[in-house]
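J.: only the shape, not the letters, is given here:
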């Protein structure tokens, strides 16, 4: 119902009843415009209620509304006439079966049975996301084949790996944009990229917080010295998909009082587990970066223990800053989103394939174990009901 309020002796009211569909159509705009025009006529009537000028004004305004916003190809507004004080008017193509304006001197009016058109682009985000995910799968297959036969496809080039990172980020953001506003998704991506880029720039220059390492040419072009462009984008993929996996696992306890804290903690843990699988792939299989020795003799394929502490702290900092933009502020329940789980597992399985090709057996066992554990917990979380 749309109401313009009261003016002098005349109160103007227009109301509409939606029968089917969604979105705003010209017919709905006509109902809203009628409210504004009715206010003008109500003012005229309060000045001179019995004036023929007022009745003529009513007809002129209604005719303007129907001519501008009226239906095409047969029309949809029903009825046969409109009564304006001493005047009775038939409208040919557009007909009404009750008065349009209401005041103490005129009967009440309502537009009934105004159909609203469906949004033709409602399915577009889903289609785009599925196309990006299909391209991501194709590119992941290409990179996987190149692990077994490096020179079989395109020779010794770096662009397949870079394109995989781009498509992984694109399908991740597209999947999230189906549930959150686009500006919130872009803000989250910027926050992640800026904090992760700053942390890795500091790490490459000073060794804090990840330990001493240097990037090689294999990782691709740099945004600026010493940060490669792929690093911030890689963090966008890792953070958003790890959080998505954590949401699936914790789905049964979403209404719990400590759900937010558990979500943050599990997201950070999944980020660290992802890095445990990434390090052998990046250092031994692809040679993206090189680690320098530290005083602590314990390492994981060259990565010192402090590296995983640095990843945990960086992920925690990012999650704290990015969480407000990832909260769903609409009171609408969405079905569980399993795309983050698929992306997280598929990338981890790529690390598993790389470990198998290069006979990195400890890495293979650990990566296979973490994939199995995450899959089981996600399946349990998906099947249980929310409490």
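T.: Received, thanks. Keep in mind that what you see is a predicted model, and the values were worked out from it rather than measured.
J.: can you confirm residue 386 is in a strand?
T.: No - according to DSSP: H, G, I helix; E, B strand; the rest coil, residue 386 belongs to no strand; its state is coil.
J.: what's the neighbour count on it?
T.: Using other C-beta atoms under 10 Å, residue 386 has 10 neighbouring residues. Bear in mind the C-beta positions are built from the backbone N, C-alpha and C, glycine included.
J.: and the gap between it and residue 246?
T.: In this structure, residue 386 lies at 15 Å from residue 246, with C-beta to C-beta, to the nearest Å as the measure.
J.: list the contacts for residue 330?
T.: Not one residue lies near residue 330 by C-beta atoms under 8 Å, 6 or more residues apart in numbering.
J.: where do the strands of the stretch 51-200 of the chain begin and end?
T.: Assigned by DSSP state E, counting those that start in this stretch, the strands in the stretch 51-200 of the chain fall at 82-84, 87-89, 111-114.
J.: distance of the closest residue to residue 125 other than its chain neighbours from residue 304?
T.: Nearest residue to residue 125, sequence neighbours excluded (C-beta to C-beta, 6 or more residues apart in numbering): residue 178, at 5.0 Å. According to C-beta to C-beta, residue 178 and residue 304 sit 40 Å apart.
J.: contact partners for residue 301?
T.: By C-beta under 8 Å, 6+ apart, residue 301 lies in contact with 279, 280, 283, 284, 360, 363.
J.: can you count the residues close to the first one?
T.: Translated: residue 279. Neighbour count for residue 279, taken as other C-beta under 10 Å: 23.
J.: give the helix, strand or coil label for it.
T.: Quick answer, by three-state DSSP: residue 279 is helix.
J.: check the gap between it and residue 299 for me.
T.: For residue 279, the distance to residue 299 - C-beta to C-beta - is 9 Å.
J.: ok, residue 129 touching residue 178?
T.: Yes - judged on C-beta atoms under 8 Å, residue 129 makes contact with residue 178 at a distance of 6.2 Å.
J.: which of the two has more neighbours?
T.: A direct count of neighbours by other C-beta under 10 Å for residue 129 and residue 178 places residue 129 higher, at 20 against 14.
J.: ok, residue 313 to residue 298 distance?
T.: Counting by C-beta to C-beta, the separation of residue 313 from residue 298 is 19 Å.
J.: looking at those two, which one has more neighbours?
T.: Legend: neighbour count by other C-beta under 10 Å for residue 313 and residue 298, higher for residue 313 (14 against 7).
J.: low-confidence regions, the stretch 51-200 of the chain specifically.
T.: Scanning the stretch 51-200 of the chain for pLDDT under 70 picks out the ranges 51-118.
J.: so which residues of the stretch 201-350 of the chain form strands?
T.: Assigned by DSSP E, counting those that start in this stretch, the strands in the stretch 201-350 of the chain fall at 213-215, 222-224, 227-228, 289-291, 299-300, 303-304.
J.: select, out of those strands, the one closest to residue 183.
T.: strand 222-224 (23.2 Å; C-beta to C-beta).
J.: counting contacts, what elements does that closest one pack onto?
T.: Counting contacts by 3 or more C-beta pairs under 8 Å, 6 or more residues apart in numbering; DSSP states H and E, there are no secondary-structure elements packed against strand 222-224.
J.: mean confidence for stretch 344-359?
T.: Averaged over stretch 344-359, pLDDT sits at 97.
J.: OK, contacts around the closest residue to residue 233 other than its chain neighbours?
T.: Nearest residue to residue 233, sequence neighbours excluded (C-beta to C-beta, 6+ apart): residue 169, at 4.9 Å. Neighbouring residues of residue 169 by C-beta under 8 Å, 6+ apart: 189, 233, 236, 237.
J.: 7 Å instead, please
T.: Contact partners of residue 169, counting by C-beta atoms under 7 Å, 6 or more residues apart in numbering, are 233, 236, 237.
J.: correct me, but residue 264 touches residue 319?
T.: Yes - in this structure, residue 264 is within contact of residue 319 by C-beta atoms under 7 Å, at 5.3 Å.
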